[in-house]
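Asker: Give me the fold of what follows.
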Amino acid sequence: MKVSVVIPTYNEEKNIGKCLESLCNQTMKRSDYELIVVDGNSKDTTRDIATQYADKVIIQTRPKVGGARNDGADIATADIIATTDGDCILPPKWIETIYAEFGAHPEAVAVYGTVYPLEKGIKNKINLGLANTFSRVGYYTKMLYYTLGCNTAFRKDAFLKIGGYKVCDAGDDLEIARRIVHEGKVCFCPKMKVGFSMRRYDQFGTLKSLREWFHIVRKGGDSDECTYSKREYE
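Answerer: Model (predicted):
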């Protein structure tokens with residue numbers, strides 16, 4: 001295996017099939033990568049659907065979204081671990097791009113990319129357009145690495161060395177870059193794109209969602225600074 005893709009889920013029966021279909025229809029040979037679904041004991045048919053596509057479907061053992069990603073990393077067989085979400089759609093060249101980026105940058109321990117909205121609407125385009133601009137500015141100024149959990153990949157040895165993700169409800173995906181950068185280079189790859197669902201923003205509001213992220217990042221991702229619940233989205 002060249003790449004292991006870890007997808008945390010919870011009650012994603014409406015979305016996980018489309019997500020995994022997109023991951024099965026990649027330009028890289030299917031035998032060169034594995035799909036690992038880590039499920040938070042869903043009450044719907046998420047796991048039944050996932051078993052039709054994924055190589056491994058397991059029940060989450062550690063708490064929070066970061067814990068689910070860490071569970072998947074523990075059983076990954078590849079040297080590269082990519083993370084995404086169960087409601088994302090991955091373009092056909094996503095895995096190939098990740099693999100090529102690590103090949104082009106042997107010193108890299110993490111690579112990440114941009115997002116585009118799955119839902120239509122100018123508001124969604126503007127919101128993610130601003131997020132991608134912020135991501136570029138953060139990278140080139142070295143002030144912040146916007147390593148979203150839906151579109152980031154790691155060298156497994158470096159990921160395990162730093163203890164993986166911290167267990168937070170929000171901001172764990174940005175916080176991890178603050179630690180892993182000490183193990184090597186973190187690379188931004190604009191070609192590494194992911195279709196991102198805006199339902200979190202629609203349900204909880206853009207400002208509240210962003211405030212949660214940056215509150216945790218500012219506090220360093222300490223688990224006592226945040227609460228966790230398996231949220232259900234409309």
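
Asker: Only C-alpha atoms from now on, for both contacts and neighbour counts.
Answerer: OK.

Asker: end-to-end on stretch 38-55?
Answerer: End-to-end span of stretch 38-55 (Cα to Cα, to the nearest Å): 11 Å.

Asker: next one: it to chain centre, how far?
Answerer: 17 Å (Cα atoms, centre = their mean, to the nearest Å).

Asker: which parts of that stretch are buried?
Answerer: Using 16 or more other Cα atoms under 10 Å as the burial criterion, the residues of stretch 38-55 that qualify are 38, 39, 40, 46, 47, 49, 50, 51, 53, 54.

Asker: swap in stretch 56-69?
Answerer: By neighbour count on 16+ other Cα under 10 Å, the buried set for stretch 56-69 is 56, 57, 58, 59, 60, 63, 64, 65, 66, 67, 68, 69.

Asker: Just the ones in helices from those, please.
Answerer: Residues of the buried residues of stretch 56-69 located in helices (DSSP state H): 64, 65, 66, 67, 68, 69.

Asker: hang on, the earlier thing: ok, which pair from the buried residues of stretch 38-55 is furthest apart?
Answerer: Using Cα to Cα, these span at most 17.8 Å, a distance reached by 40 and 53.

Asker: The helix of greatest length in the chain packs against which elements?
Answerer: The residue-count maximum for a helix in the chain (DSSP H) belongs to helix 122-141. Under the contact criterion of 3 or more Cα pairs under 8 Å, 6 or more residues apart in numbering; DSSP states H and E, helix 122-141 touches strand 108-117.
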